[in-house]
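1. no sequence for this one, just the structure:
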């Protein structure tokens, strides 16, 4: 059954425009982190956090992601082309810019990705990155849920940028790592049968 699941992830990857064998597709799904045409992280209607939760749900592990294993970040736009693309938002079509390389997109005008692009031009380590995120979200402090959501989107953008190759991330052993795993639960086990058996 596990091999069938791996084979199916290859189909999911192909639907997202990637040609991967089952093992690489399984790693792709488990790692999450890809930027789709709608300028969001994730695939098949699931955001990056939810894709990672599916992996944790299937294997009972809460393994550290790329953000928890690295602490030094550099933009990698080599070989990328900046181009204009259309974005549908709020009932209208807007012209935005995006980088394209090897079939992957990085939207420049998207709030989270644009913020990370500008930030990583000047900051390369967690202390400066975290402080910039705090400063940018300070205005939302009266609404903690909204602030948390925005911070979460910024971190998902950074993770997707790393996994898609837009950012080179390394572990500098002279600097501490950060555990930035989000503990919210969006994917839950079905308990319908348990409820029926207790009634």
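-> Yep, that arrived. Remember, predicted model here, so these are calculated numbers, not experimental data. Residues are numbered from 1 along each chain as shown.
2. quick one: least confident helix or strand in this structure?
-> The weakest-scoring helix or strand in the chain, judged by mean pLDDT, DSSP states H and E, is helix 48-59 (a mean of 49).
3. so after it, what's the next helix or strand?
-> Sequence-wise, the next helix or strand downstream of helix 48-59 (DSSP states H and E) is helix 66-69.
4. mind giving me the packing neighbours of that next one?
-> Applying 3 or more Cβ pairs under 8 Å, 6 or more residues apart in numbering; DSSP states H and E, one finds that helix 66-69 contacts helix 144-163. (Glycine included, C-beta is placed from N, CA and C.)
5. in the helix it packs on, what counts as buried?
-> 147, 150-163 (16 or more other Cβ atoms under 10 Å).
6. what's the closest of those residues to residue 169?
-> Using Cβ to Cβ, residue 162 is the member of these that sits closest to residue 169, with 4.7 Å.
7. per-residue confidence at the closest one?
-> Residue 162 is assigned a predicted lDDT (pLDDT) of 91.
8. grab the nearest non-local neighbour of it.
-> Closest residue in space to residue 162, ignoring its immediate chain neighbours: residue 169 at 4.7 Å, by Cβ to Cβ, 6 or more residues apart in numbering.
9. secondary structure element for that neighbour, which one?
-> strand 167-170.
10. so where is this structure shaky, pLDDT-wise?
-> 1-6, 9, 12-20, 23-64, 88-89, 181-199 (pLDDT under 70).
11. now do the residue nearest to residue 96 when sequence neighbours are not counted against residue 126, distance only.
-> Closest residue to residue 96 apart from its sequence neighbours, by Cβ to Cβ, 6+ apart: residue 109 at 3.9 Å. Separation of residue 109 from residue 126 (Cβ to Cβ, to the nearest Å) stands at 26 Å.
12. my read: residue 71 touches residue 177, true?
-> Yes - Residue 71 is within contact range of residue 177, at 5.4 Å (criterion: Cβ atoms under 8 Å).
13. can you show me the helices along this protein?
-> In the chain, the helices defined using DSSP state H lie at 2-15, 22-31, 48-59, 66-69, 111-119, 126-137, 144-163, 192-198.
14. how about the fifth one: buried residues?
-> It refers to helix 111-119. Neighbour-count burial for helix 111-119 flags 112-117, 119 (criterion: 16+ other Cβ under 10 Å).
15. that one vs helix 144-163, what angle?
-> If you take axes from the mean of the first three to the mean of the last three Cα atoms, to 10 degrees, helix 111-119 sits at 60 degrees to helix 144-163.
16. which residues sit against helix 111-119?
-> Helix 111-119 has contacts (Cβ atoms under 8 Å, 6 or more residues apart in numbering) with 35, 39, 75, 106-108, 129, 132-133, 136, 153-154, 156-158, 161, 167.
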